[in-house]
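Engineer: Only the shape, not the letters, is given here:
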């Protein structure tokens with residue numbers, strides 16, 4: 001899902017090039033404007049990059065704050081391990097982090113160890129870019145009480161080395177069938193990891209403990225289930241194509257699911273959706289006769305989960321069939337469906353729920369829409385909090401691919417610049433200490449802040465461990481171990 005970013009990444013020379021011819025009005029302060037960005041994923045880094053471009057004639061410093069000891073957020077912990085080309089964007093982020101006016105401060109949890117309001121003591125402008133980190137729930141019986149039922153967030157975190165998911169132990173050796181509820185890119189990532197050959201995965205940065213469990217896996221059938229039809233799927237063509245090309249893996253799509261799709265309908269689609277639909281139709285027609293297949297994947301449309309069954313471990317999932325409320329809207333991306341009374345039970349020994357994410361309110365002081373899971377804002381300016389902004393999923397909701405984040409980051413940076421130019425931020429002439437003051441404040445609370453140089457030492461340690469195993473890196477899974485390694489390197 002992040003691949004689109006690569007074509008639009010800015011080179012380091014663009015960081016140094018101004019996209020505007022801003023003069024330096026007399027109302028600009030002579031001391032630096034202190035800006036902090038909370039969150040070091042793509043939203044945070046791309047916003048920082050755009051601010052650097054727009055503020056070249058103004059004295060400014062930008063600190064990127066991260067609750068984890070390591071940077072890059074979704075790029076490190078969300079991108080699938082078999083997508084190393086996507087992670088190359090880290091090279092761009094490194095150039096941003098090493099800019100003379102930028103500082104990375106890790107292991108500082110805003111909203112917990114440091115309150116949001118406390119940041120105002122050190123910064124003039126505060127931008128929240130911490131994403132949407134909680135997965136939505138099905139709210140059906142059996143969802144929380146049975147073993148081998150996981151959210152996609154936790155399952156992805158397990159194979160990608162997120163410390164909080166390090167103890168996850170999916171039992172893949174006791175069943176040959178997995179059900180994934182949801183049809184987005186993350187769902188296809190999970191399916192691909194379950195179906196890929198161990199020899200291929202062993203060359204990636206997947207964690208050793210995940211690799212060992214996958215090595216013992218008996219999963220042969222992966223069934224992706226969605227409540228609507230083939231015209232409403234959320235995954236993109238790249239992820240579908242990868243699934244169709246897995247060695248020894250057979251697609252098992254039902255021709256009847258696609259019989260309503262005709263050329264007239266296809267011609268009305270935008271280009272990305274048109275290409276995706278054509279690939280699905282091609283897969284139905286041509287990829288059904290692999291006699292050497294050992295593993296299989298399925299797309300089951302028009303099914304809504306009702307109950308997850310089992311005694312202690314999941315044994316099956318009950319679904320109720322759905323149909324369009326208005327069949328004339330079959331191709332509408334916002335199609336509404338209704339249940340038609342038909343029940344179906346799908347046996348399985350593993351369930352992964354991948355139905356979307358929402359953001360959390362990191363501080364009670366933050367205006368927040370809990371139902372939608374976003375910060376209350378108007379055009380990225382946080383309601384009733386002058387000098388506070390938001391960007392990325394936490395401001396607009398967990399939808400869209402990262403290319404939308406890069407586009408939005410420029411818009412938000414321009415709005416911040418406009419507010420500076422127009423004098424809408426009243427405290428700009430106050431002298432603030434920025435990161436120096438924040439780090440000193442954190443140390444007074446026994447918080448060990450991590451610098452970008454500290455991260456580079458961790459990075460070298462992980463890549464060295466990986467080299468001995470024929471992998472690009474072996475991630476450290478324990479935060480205490482991360483902090484211990486940086487402490488050792490400082491002594």
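Structural biologist: It's in. What you see is a predicted model, and the numbers here were worked out from it, not measured in a lab. Numbers count the residues shown, from 1 in each chain.
Engineer: So, low pLDDT: which residues of the stretch 201-350 of the chain?
Structural biologist: 287-291 (pLDDT under 70).
Engineer: And the strands in it, which stretches?
Structural biologist: Counting by DSSP state E, counting those that start in this stretch, the stretch 201-350 of the chain has strands at residues 221-225, 249-251, 295-300, 303-310, 314-324, 337-347, 350-353.
Engineer: Of the ones you listed, which stretch is the most buried?
Structural biologist: strand 350-353 (a mean of 26; mean count of other Cβ atoms under 10 Å). C-betas here are computed from N, CA, C, even on glycine.
Engineer: strand partners of that one, parallel vs antiparallel please.
Structural biologist: strand 149-151 (parallel), strand 177-181 (parallel) (DSSP bridges).
Engineer: so which of these is the most packed in?
Structural biologist: strand 177-181 (a mean of 25).
Engineer: what's the following helix or strand after it?
Structural biologist: Later in the chain than strand 177-181, the nearest helix or strand by DSSP states H and E is helix 185-195.
Engineer: If you count contacts, what does that following helix end up packed against?
Structural biologist: helix 152-160, strand 177-181, strand 221-225, helix 237-244, strand 295-300 (3 or more Cβ pairs under 8 Å, 6 or more residues apart in numbering; DSSP states H and E).
Engineer: Of all the ones you listed, which one is nearest residue 309?
Structural biologist: For the helices and strands packed on helix 185-195, proximity to residue 309 was assessed by Cβ to Cβ; strand 177-181 is nearest, at 11.4 Å.
Engineer: Next, count neighbours for the closest residue in space to residue 116 that isn't next to it in sequence.
Structural biologist: Spatial nearest neighbour of residue 116, excluding adjacent residues (Cβ to Cβ, 6 or more residues apart in numbering): residue 363 at 3.9 Å. Counted with other Cβ atoms under 10 Å, the neighbours of residue 363 add up to 16.
Engineer: I'd like the strands of the stretch 201-350 of the chain laid out as TSV, including distance to residue 430.
Structural biologist: Shown next, in TSV, are those (distance: least, Cβ to Cβ, whole Å):
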stretch	distance to residue 430
strand 221-225	54
strand 249-251	60
strand 295-300	57
strand 303-310	54
strand 314-324	57
strand 337-347	55
strand 350-353	47
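Engineer: can you tell me which of these comes nearest to residue 421?
Structural biologist: strand 350-353 (46.3 Å).
Engineer: Which SSE is immediately downstream of the closest one?
Structural biologist: strand 357-358.
Engineer: Beyond that next one, next helix or strand please.
Structural biologist: With DSSP H and E, the next secondary element past strand 357-358 is strand 368-369.
Engineer: Let me know the distance separating residue 403 from residue 419.
Structural biologist: Separation of residue 403 from residue 419 (Cβ to Cβ, to the nearest Å) stands at 26 Å.
Engineer: swap in residue 344?
Structural biologist: From residue 344 to residue 419 the distance is 55 Å (Cβ to Cβ).
Engineer: And residue 335, by the same measure?
Structural biologist: From residue 335 to residue 419 the distance is 40 Å (Cβ to Cβ).
Engineer: With residue 260 instead?
Structural biologist: From residue 260 to residue 419 the distance is 50 Å (Cβ to Cβ).
Engineer: Same check on residue 481?
Structural biologist: 42 Å.
Engineer: Comparing those two, which shows the higher neighbour count?
Structural biologist: Using other Cβ under 10 Å as the criterion, residue 481 and residue 419 rank with residue 419 on top: 17 against 13.
Engineer: where does that one land in three-state SS?
Structural biologist: Recorded secondary structure, residue 419: helix (DSSP: H, G, I helix; E, B strand; the rest coil).
Engineer: what's near enough to touch it?
Structural biologist: 381, 425 (Cβ atoms under 8 Å, 6 or more residues apart in numbering).
Engineer: Same list (the helices and strands packed on helix 185-195) but as JSON lines, adding distance to residue 388.
Structural biologist: As requested, the helices and strands packed on helix 185-195 are exported to JSON lines (distance: least, Cβ to Cβ, whole Å):
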{"stretch": "helix 152-160", "distance to residue 388": "27"}
{"stretch": "strand 177-181", "distance to residue 388": "36"}
{"stretch": "strand 221-225", "distance to residue 388": "40"}
{"stretch": "helix 237-244", "distance to residue 388": "35"}
{"stretch": "strand 295-300", "distance to residue 388": "43"}
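Engineer: Could you count how many residues lie near residue 430?
Structural biologist: By other Cβ under 10 Å, the burial measure for residue 430, its neighbour count, is 12.
Engineer: wait, which of the helices and strands packed on helix 185-195 is closest to residue 438?
Structural biologist: Here helix 152-160 is closest among these (Cβ to Cβ), at 27.9 Å.
Engineer: Relative to the whole chain's centre, how far out is the closest one?
Structural biologist: Here helix 152-160 is found 11 Å from its chain centre; the criterion is Cα atoms, centre = their mean, to the nearest Å.
Engineer: Return the backbone torsion pair for the residue nearest the centre of the chain.
Structural biologist: By Cα atoms, centre = their mean, the mean C-alpha position of the chain lies nearest to residue 74, the distance being 4.4 Å. Per-residue torsions, residue 74: phi -60, psi -30 (degrees, to the nearest 10).
Engineer: Pull the contacting residues for the closest residue to it other than its chain neighbours.
Structural biologist: Distance criterion Cβ to Cβ, 6+ apart; nearest residue to residue 74, sequence neighbours excluded, is residue 41 at 4.6 Å. Going by Cβ under 8 Å, 6+ apart, residue 41 touches 72, 73, 74, 75, 129, 130, 131, 392.
Engineer: Now residue 174: closest residue in space, sequence neighbours ignored.
Structural biologist: Using Cβ to Cβ, 6+ apart, the closest residue to residue 174 is residue 349 (5.8 Å).
Engineer: dump the residue contacts of that neighbour.
Structural biologist: Contacts of residue 349 (Cβ under 8 Å, 6+ apart): 148, 171, 174, 175, 176, 177, 178, 313, 314, 315.
Engineer: if you set the cut-off to 7 Å instead, what comes out?
Structural biologist: Residue 349 makes contact with 148, 174, 175, 177, 313, 314 under the criterion Cβ atoms under 7 Å, 6 or more residues apart in numbering.
Engineer: what about residue 453, neighbour count?
Structural biologist: 12.
Engineer: Can you tell me the SS state at it?
Structural biologist: Residue 453 - assigned by three-state DSSP - is helix.
Engineer: if we can go back for a sec, got the contact list for the residue nearest to residue 116?
Structural biologist: By Cβ under 7 Å, 6+ apart, the neighbours of residue 363 are 111, 115, 116.
Engineer: The last one - how many residues pack around it?
Structural biologist: By other Cβ under 10 Å, 19 other residues sit near residue 116.
Engineer: same question, the one 4 residues further on
Structural biologist: Around residue 120 sit 18 other residues, with neighbours defined as other Cβ under 10 Å.
Engineer: Could you confirm it falls within a strand?
Structural biologist: No: read with three-state DSSP, residue 120 is helix and lies in no strand.
Engineer: Can you give me the pLDDT of it?
Structural biologist: Residue 120 carries a pLDDT value of 96.
Engineer: now swap in residue 107 and tell me
Structural biologist: 97.
Engineer: Ok, the one 4 residues further on next?
Structural biologist: What the model reports for residue 111 is a pLDDT of 95.
Engineer: Please list all residues in contact with the nearest residue to it once chain neighbours are set aside.
Structural biologist: Residue nearest to residue 111 in three dimensions, not counting chain neighbours: residue 362, with 3.1 Å by Cβ to Cβ, 6+ apart. Residue 362 sits next to 110, 111, 116, 130 when contact means Cβ under 7 Å, 6+ apart.
Engineer: I'd like the distance from the second one to residue 191, if you could.
Structural biologist: Yep, that's residue 111 we're talking about. 34 Å.
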